[in-house]
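In: Generate a structure from the sequence data that follows.
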Amino acid sequence: MRLRFTKMEGAGNDFVVLDATRAPLSLSREQLQRLGDRRFGVGADQILVVERPTTPGVDFRYRIFNAASGEEVEHCGNGARCFVRYVVDHGLSDKTTLQVETVNNRLELALQPDGRVTVDMNRPRFDPRDVPFDTAGLVPREVGGFALWPLDLDGATVEVAVLSMGNPHAVLRVDDVDAAPVTTLGPRVEHHPRFPRRVNVGFVQVLARDHVKLRVWERDAGETLACGTGACAAVVAGIRLGWLDGRVDVDARGGRLTIEWAGGESSVRMTGPARSVFEGEIEL
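Out: Sure, this is the predicted structure:
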């Protein structure tokens, strides 16, 4: 099977994008993993598949697969920005604002005049059952009316803010994100039994009320250069905990994202870069 692809990146989070709008595309888990392999394939954090919509009033459907596992996941903010750039650059749409559906969500995406993309990431969800997160027997520490949950890790305890951005997130505040134990603590939190579907783990350093640094250990993928939903989760948690204002610049290792949230039932808005890196064909 010979397959055309576009390699894209958004703040260093990289993707292989496939066009399935003209004909259905069905890839096995092994083929998806091969595409994402950085030695034997194209190399990416995730695979994005662009499809025709299944819902009236929606412009496109897109699916997201983790490259390491080949499993479909719920949401990817950086991928959503690359999605817009892809459909516009490839002539699939002449709109600058698009409605798209994912496996569990509907998003509004807007291409800005400066080339950046703004994504309406929908509202955050705070009920632990929506994450899901098992709170049985735990007593949280309330800060500003928001819970910091104690998580036991082999006798040591860390406090995490837990929420869903359409996918599960645990957020930890650290004094120095560059020195944070992301690659050791991240997988331990990801696989903690209180997260039955595992979790993305954000390590956030607050520099000012409108500026943070962030590293994210992503579920299935490990540490990536940026995570859009992780940036949203970190800022929302920071606002709820009283650390941050409603508009925050988030510096990830791959670049800067701007996150805005007015609180309450309002949607989170994320703005950041997206660009094509190269195109090609691969034999699978």
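In: rest of the way, CA atoms for contacts and neighbours
Out: OK.
In: give me the number of residues near the residue lying closest to residue 130 once chain neighbours are set aside?
Out: Nearest residue to residue 130 in three dimensions, chain neighbours excluded: residue 164, at 6.6 Å (Cα to Cα, 6 or more residues apart in numbering). Neighbourhood size, residue 164 [other Cα atoms under 10 Å]: 25.
In: show me what contacts residue 268?
Out: Counting by Cα atoms under 8 Å, 6 or more residues apart in numbering, residue 268 makes contact with 120-124, 232, 259-262.
In: which among these gets closest to residue 170?
Out: Lowest distance from residue 170 to these (Cα to Cα) belongs to residue 232, with 11.6 Å.
In: Check for me that that closest one belongs to a helix.
Out: Yes - assessed with DSSP: H, G, I helix; E, B strand; the rest coil, residue 232 lies in a helix.
In: contacting residues for it?
Out: 165, 259, 268, 270.
In: what's the farthest-apart pair in those?
Out: Across the contacts of residue 232 (Cα to Cα), the longest gap, 12.9 Å, separates 165 and 259.
In: quick revisit: I'd like the contacts of residue 232 laid out as CSV, including secondary structure and pLDDT.
Out: Putting the contacts of residue 232 into CSV (DSSP: H, G, I helix; E, B strand; the rest coil; pLDDT from 0 to 100) gives the following:
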residue, secondary structure, pLDDT
165, coil, 95
259, strand, 98
268, coil, 97
270, strand, 96
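In: Out of the residues you listed, the closest to residue 13 would be?
Out: Checking the contacts of residue 232 one by one against residue 13 (Cα to Cα), the nearest turns out to be residue 270, at 14.7 Å.
In: what would the contacts of residue 232 look like in JSON lines with distance to residue 91?
Out: Below are the contacts of residue 232 laid out as JSON lines (distance: Cα to Cα, whole Å):
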{"residue": "165", "distance to residue 91": "30"}
{"residue": "259", "distance to residue 91": "28"}
{"residue": "268", "distance to residue 91": "28"}
{"residue": "270", "distance to residue 91": "24"}
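In: of those, buried ones?
Out: 165, 259, 268, 270 (16 or more other Cα atoms under 10 Å).
In: how close does the last one get to residue 11?
Out: As defined by Cα to Cα, to the nearest Å, residue 270 lies at a distance of 12 Å from residue 11.
In: Now the common contact residues for the two.
Out: With Cα under 8 Å, 6+ apart, residue 270 and residue 11 have common neighbours residue 257.
In: mind listing the strands in the stretch 151-284 of the chain by residue range?
Out: 156-164, 168-173, 200-208, 211-218, 222-224, 247-252, 255-260, 269-272, 275-283 (DSSP state E, counting those that start in this stretch).
In: Can you get me a residue count around residue 51?
Out: Residue 51, neighbours per other Cα under 10 Å, totals 21.
In: Correct me if wrong: it contacts residue 58.
Out: No - using Cα atoms under 8 Å as the test, residue 51 is too far from residue 58 to be in contact (11.3 Å).
In: rewinding a little: can you flag the buried ones in the contacts of residue 268?
Out: 120-124, 232, 259-261.
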